[in-house]
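[1] Model the structure of this input:
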Amino acid sequence: MTAPDPELLNRLRLGLIPGLGPRHSADLLNRFGSATAVFAASGAELREVVGKKSLPDAILEARHSRAAEEEWQACQAVGVSLVGQPDELYPRALREIPDPPSLFYCRGDLQPRDNLAIALVGSRQCTLYGTQTAERLARGLALAGLTIVSGLARGIDAAAHRGALAAGGRTIAVCAPGLGTIYPPEHAGLADEVAASGALLSESPLDREPRPGLFPQRNRIISGMSVAVIIVEAGRRSGALHTARHAMEQGRDVFAVPGRIDSLASQGCHDLIRDGVTLIRGVDDILESLGPLMQPVAVQTGETVSSPRELLLNDIERVVLNRLTSEPEHVDALLPVDGLEPSQLLATLTVLEMKRLVRRLPGGYVCRAPY
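    So this is what the prediction gives:
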């Protein structure tokens, strides 16, 4: 058993302090730069950040506790890894939210292509229409190359995970309790499947039991690690609306699926659409509506994607687009492209220009369109 990285262990130690939530943890890390520096700070310095006396005292006391070492050993014993913000596999988009987890527990594995993830959430008390729609959307998005993120809850969340699994795609479940306690318990088998085709994540200590306040808190992670959030069937009291609000605050796109106009199960979705959220009917609507990515992401084909709209391209269009960069290049220099005739190349460039992915310049030059 290898020894844990000292900074990772101190982030774990920070997360085990009772009463120290994500916001205070983020404030401390922003102020001192690392968890190691937090535990080297004086009580007076800590009080400047977290205020009330009980938290600085708890941090000072945690310096001498063995709880972090024991938690790390327990994780090792059950195959759960720890991922901290410095880790290159920590989701890139999640680093940008106001209160990202300083560390989370992971069962399964994270991959670079998970930076192209989309959240799909909705009501636990859903209809057959909602379940079928969630599965269909998740399956189509997974086939397009996106990772499906949800919360492992009953209803729409479970349907989203199952849709991605049915497509042979990747899916990530962000859990509210610790990974030592699968909730709901009847989803233990589904959790195993998700871990085998993606990952289970939680910021809660390994054996923390489910409690109501944890679920709205974890919703910020679901939206934070995704390029967009899709709401499928949500009543006006649905927790999925918390995820939508987090997404809006984080600058993520929010989409809603309409239901019957008299459906109580879709009232929350209809309110979102009335207030300006994009109505979506299928996978093409979603990919066409998504904006550019903060940074290009490598997808399962080994190519990079700068905008999810590129996932709608056929094989020839994708090959031609990936020959181009932001620097102008003469059309003649693109040949040969996998045996394409000049007329086919010109026709493909015209299609890519119509899709606003390529820009034609004077003199026969072309380049990728700026996003």
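[2] What is the three-state secondary structure of Glu48?
    Look at Glu48: counting by DSSP: H, G, I helix; E, B strand; the rest coil, its state is helix.
[3] Give me the neighbour count for the closest residue to it other than its chain neighbours.
    In this structure, Glu48 finds its nearest non-sequential neighbour in Arg31, 7.8 Å apart by Cβ to Cβ, 6 or more residues apart in numbering. All C-beta spots, glycine's among them, are computed from the backbone N, C-alpha and C. When neighbours are defined as other Cβ atoms under 10 Å, Arg31 has 15 of them.
[4] Regarding Arg31, which helix or strand does it belong to?
    Secondary structure from DSSP states H and E places Arg31 in helix 22-32.
[5] and the gap between the residue nearest to Glu48 and Ala37?
    Distance from Arg31 to Ala37, counting by Cβ to Cβ, to the nearest Å: 9 Å.
[6] hmm, back to that, how near is the residue nearest to Glu48 to Tyr90?
    For Arg31 relative to Tyr90 (Cβ to Cβ), the value is 20 Å.
[7] now Gln111
    Taking Cβ to Cβ as the measure, Gln111 falls 12 Å from Tyr90.
[8] out of the two, which sits in the more crowded spot?
    Each of Gln111 and Tyr90 has its neighbours counted (other Cβ under 10 Å); Tyr90 has more, 19 against 14.
[9] The more buried one reaches Val83, doesn't it?
    Yes: counting by Cβ atoms under 8 Å, Val83 is a contact partner of Tyr90 at 5.5 Å.
[10] Going along the chain from the helix holding Arg31, find the next helix or strand for me.
    Following helix 22-32 in sequence order, the next helix or strand is helix 35-40 (DSSP H and E).
[11] neighbouring contacts of that next one?
    Helix 35-40 is contacted by residues 6-7, 10-11, 13-14, 28-29, 32, 46, 59, 62-63, 102 when judged by Cβ atoms under 8 Å, 6 or more residues apart in numbering.
[12] Next, give me the two most distant ones among those residues.
    The span of those, defined through Cβ to Cβ, is set by Pro6 and Leu46 at 19.5 Å.
[13] pLDDT below threshold where in the chain?
    1-3, 292, 294-295, 299-303, 338, 371 (pLDDT under 70).
[14] Could you spell out which stretches of it belong to which domain?
    Domain assignment for the chain by automatic domain parsing gives 1-77, 108-289, 313-368.
[15] Could you identify which of the ones you listed is most buried?
    domain 108-289 (a mean of 21; mean count of other Cβ atoms under 10 Å).
[16] Could you work out the end-to-end span of that one for me?
    Domain 108-289 has an end-to-end distance of 31 Å (Cα to Cα, to the nearest Å).
[17] still on that earlier bit, what is the nearest of the contacts of helix 35-40 to Met248?
    For the contacts of helix 35-40, the nearest to Met248 is Ser102 (23.9 Å; Cβ to Cβ).
[18] just the strands in the chain please.
    81-84, 103-108, 117-122, 147-150, 171-174, 198-202, 228-232, 253-257, 278-279, 297-298, 304-305, 329-330, 358-361, 365-368 (DSSP state E).
[19] Minimum distance to Ser263: which of these has it?
    Nearest to Ser263 among those is strand 253-257; the distance by Cβ to Cβ comes to 11.2 Å.
[20] ok, now which ones touch Ser102?
    By Cβ under 8 Å, 6+ apart, the contact list for Ser102 reads 11, 14-15, 25-26, 29, 35, 84-85.
[21] 10 Å instead?
    Taking Cβ atoms under 10 Å, 6 or more residues apart in numbering, we find Ser102 in contact with 8, 10-12, 14-15, 22, 25-26, 28-29, 34-35, 38, 84-86, 90, 203.
[22] ok, back up a step: my read is that the residue nearest to Glu48 contacts Ala41, right?
    Yes: with contact defined as Cβ atoms under 10 Å, Arg31 counts as touching Ala41 (8.4 Å).
[23] Between the two, which contacts overlap?
    Residues within reach of Arg31 and of Ala41 at once, by Cβ under 10 Å, 6+ apart, are 48-49.
[24] Need the residue closest to the centroid of this protein.
    By Cα atoms, centre = their mean, the chain has its centre lying nearest to Met225, at 2.7 Å.
[25] does that one really touch Val83, like I thought?
    No: applying Cβ under 10 Å, one finds Met225 not in contact with Val83, separated by 11.5 Å.
[26] Now for those two: what residues contact both?
    Here Met225 and Val83 share the contacting residues 90-91, 101, 104, 110, 201, scored by Cβ under 10 Å, 6+ apart.
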